[in-house]
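[1] next comes the sequence, and after it the predicted model I'd like to discuss.
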Amino acid sequence: MGKEFITLYELQSALKEGVERLFPSSIWVKAEISAVKARVGSHCYLELSQSGENGMIAKAQAVVWSSKYRFIAPYFESVTGSPLREGMLVLIQVQISYSQLYGFTLVVNDIDPDFSLGEQERLKRLAIERLEKEGLMDMQQSLGLARLPYSLAVISAPDAAGYRDFMRHLHENEYGFVYHTDLFPALMQGAGAPESIIAALDAVAASGREYDAVAILRGGGARLDLACYDDYDLAAHIAQFPVPVFTAIGHDQDTHVADMVAFMSVKTPTALADEFVSAYADEDAFLQSLAERLKLSVSGRLYQEENRLSGMAHRIAAAFSGRIMSLENSLSVLETRMRASDPRTLLKKGYVLAVGSSGVVLRSVAGVRAGDRVSLIMADGRLDCTVDSAAVAADGMDDRKIN
């Protein structure tokens, strides 16, 4: 007996009939874009997927015919600020098609841009809630930043305009301040950006160099292009990094989770460069102010000391002048007295100085005997005499003969 069978065409026809019966009209499907192939003026081919805890659990091919794509694509980008790209979660309206020749295909009729924006906000809220629960939101704020950050690790795409702006403003600053920077290249947008930036952070930590700060730079982009900065893993790595992390992603309105956990967030790479330069400029101004105050203080002190020393000099001069005058007067009196008591002065007045034979001045007749030799010294000469007799005066003028 032969086995029962159906032909491949019959099988494909049955599947086609079943699919069309189950899904007679278009439906909305939530999926992640895992691959995009599109050219201007042509069809767009999407690979859609869904992941579970153990990896990918579903995958399907979808096509947006050029007649639809030329309207869907620009509208989606005008609302979200980003073109359709890999890693994006989308809500698409599809017509399920099954061809006996080509098999299962999802024909895209529409894509809801508001869903992608809303889904990103939902994921952002979940990331924030988890970081808050784990106590990671404010960890960077507990780090100490060097007063004058000098050594900087820069995470950016080497050819990014934001990176070039940062380097130019930092190294060509008007004050001539000098900084050390090392570039750690990374993808700065798209689904692979979080993993790439995390790898760059790990490279900074493993470099062995002690950096004062880490700068994560990107020169702006659409809202969904920057969705990678709401990634939990990236934010957790930034929060727990042992060096202050600065973010300058280049957005004007939105604040991303990476900004929230960073030590400091600014709008643009240029603004971040200005922050580092301003720190040095403020310190320089402070030091100049101190120097000026010190100069004024020293000048004032010197003026005070000059006045004090000048006053002391005048007082000393006055004191010495009075003392010298007093001494001069004393010397004048002494000189007068000395002149008055000079024997020559007395001799000129008629007095005589008697000197014994031994050359000793005779102050009394006592001890003088008749026959002794005595010299009488006068103003103009000397008389050598022999004593005939000596008498002691009694009661002033009465003489009493000695011998």
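    That came in fine, so what should we check first? Numbers count the residues shown, from 1 in each chain.

[2] low-confidence stretches in this structure?
    In the predicted model, the chain carries pLDDT under 70 at residues 1, 220-225, 251-253, 300, 340-341, 394-403.

[3] for Ser66, give me phi and psi.
    phi -60, psi -30 (degrees, to the nearest 10).

[4] how close does it sit to Leu46?
    14 Å (C-beta to C-beta, to the nearest Å). Heads up, the C-betas are built off the backbone N, CA and C, glycines and all.

[5] could you do Leu327 as well?
    Distance of Leu327 to Leu46, given as C-beta to C-beta: 118 Å.

[6] who has more neighbours, the two?
    Leu46 (24 against 10; other C-beta atoms under 10 Å).

[7] what distance do you get for the more buried one to Ile57?
    18 Å.

[8] with adjacent residues omitted, what lies nearest to Thr255?
    Ser265 (7.2 Å; C-beta to C-beta, 6 or more residues apart in numbering).

[9] any chance you could read off phi and psi for that neighbour?
    Dihedral angles (degrees, to the nearest 10) for Ser265: phi -130, psi 130.

[10] all the strands of the stretch 151-300 of the chain, residue numbers only.
    With strands called from DSSP state E, counting those that start in this stretch, the stretch 151-300 of the chain shows them at 151-156, 180-185, 213-217, 245-248, 264-266.

[11] any chance of the ones you listed in TSV, with distance to Asp202 too?
    Output for these, formatted as TSV (distance: least, C-beta to C-beta, whole Å):
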stretch	distance to Asp202
strand 151-156	11
strand 180-185	9
strand 213-217	12
strand 245-248	13
strand 264-266	21
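
[12] out of those, which is closest to Ser97?
    Nearest to Ser97, of all the strands of the stretch 151-300 of the chain, is strand 180-185, at 43.6 Å by C-beta to C-beta.

[13] output the contacting helices and strands for that closest one.
    Applying 3 or more C-beta pairs under 8 Å, 6 or more residues apart in numbering; DSSP states H and E, one finds that strand 180-185 makes contact with strand 151-156, helix 161-171, helix 193-206.

[14] for the residue most central in space within the chain, which residues are in contact?
    With distances taken as C-alpha atoms, centre = their mean, Leu148 lies nearest the centre of the chain, 2.2 Å away. The contact partners of Leu148, taken as C-beta atoms under 8 Å, 6 or more residues apart in numbering, are 279-280, 283.

[15] quick one: it is in a strand?
    No. Counting by DSSP: H, G, I helix; E, B strand; the rest coil, Leu148 is not found in a strand; it is coil.

[16] give me the phi and psi for it.
    phi -130, psi 90.

[17] any idea how far it lies from Gly18?
    Leu148 is 72 Å from Gly18, by C-beta to C-beta.

[18] so the residue nearest to Thr255 bridges to which residues?
    Per DSSP bridges, the residues bridged to Ser265 are Thr247.

[19] residues near it, how many?
    Residues contacting Ser265 under the criterion other C-beta under 10 Å number 20.

[20] I'd say it and Thr247 touch.
    Yes. Between Ser265 and Thr247 there is a contact under C-beta atoms under 8 Å: 4.7 Å.

[21] overlap in contacts of those two?
    Common neighbours of Ser265 and Thr247 (criterion: C-beta under 8 Å, 6+ apart): Asp259.

[22] separation between Phe246 and Leu123?
    24 Å.

[23] between the two, who's got more neighbours?
    The neighbour count for Phe246 versus Leu123, taken as other C-beta under 10 Å, is higher for Phe246 (24 against 16).

[24] how about that one, what does it touch?
    Phe246 touches 213-216, 262-266, 272, 275, counting by C-beta under 8 Å, 6+ apart.

[25] quick one, which of these are buried?
    Among the contacts of Phe246, the ones that count as buried by 16 or more other C-beta atoms under 10 Å are 213-216, 262-266, 272, 275.

[26] check which element follows the lengthiest helix in the chain along the chain.
    The helix that spans the most residues within the chain, counting by DSSP state H, is helix 269-340. Per DSSP states H and E, helix 269-340 leads on to helix 343-348 as the next helix or strand towards the C-terminus.

[27] give me the contacts around that next one.
    Residues outside helix 343-348 that contact it (C-beta under 8 Å, 6+ apart): 339, 353, 377-379.

[28] and with 10 Å instead?
    For helix 343-348, the external contacting residues (C-beta atoms under 10 Å, 6 or more residues apart in numbering) are 338-340, 342, 351-353, 361, 377-380.

[29] does the residue nearest to Thr255 touch Asp254 like I think?
    No. Between Ser265 and Asp254 there is no contact under C-beta atoms under 10 Å: 11.2 Å.

[30] can you give me the domain assignment for this protein?
    For the chain, automatic domain parsing gives the domain ranges 8-111, 123-280, 345-401.

[31] so for Gln288, which of the ones you listed sits nearest?
    Using C-beta to C-beta, the nearest of the domains of the chain to Gln288 is domain 123-280, at 11.7 Å.

[32] just checking the distance from that closest one to the centre of its chain.
    18 Å (C-alpha atoms, centre = their mean, to the nearest Å).

[33] same question for stretch 80-97.
    How far stretch 80-97 lies from its chain's middle: 47 Å, per C-alpha atoms, centre = their mean.

[34] buried residues in the host helix or strand of Gly18?
    In this assignment (DSSP H and E), Gly18 forms part of helix 8-22. Under the neighbour-count criterion of 16+ other C-beta under 10 Å, helix 8-22 has 12, 16 buried.

[35] may I have the strands that pair with the following helix or strand past it, each with its orientation?
    Later in the chain than helix 8-22, the nearest helix or strand by DSSP H and E is strand 27-38. Here strand 27-38 is paired, per DSSP bridges, with strand 44-52 (antiparallel), strand 89-99 (antiparallel).

[36] with Leu131 as the reference, name the closest of those.
    Of all the strands paired with strand 27-38, it is strand 89-99 that lies closest to Leu131, at 20.4 Å by C-beta to C-beta.

[37] next SSE downstream of the closest one?
    strand 103-111.

[38] and that following strand, what does it pack against?
    helix 8-22, strand 27-38, strand 44-52, strand 55-64, helix 66-80, strand 89-99 (3 or more C-beta pairs under 10 Å, 6 or more residues apart in numbering; DSSP states H and E).
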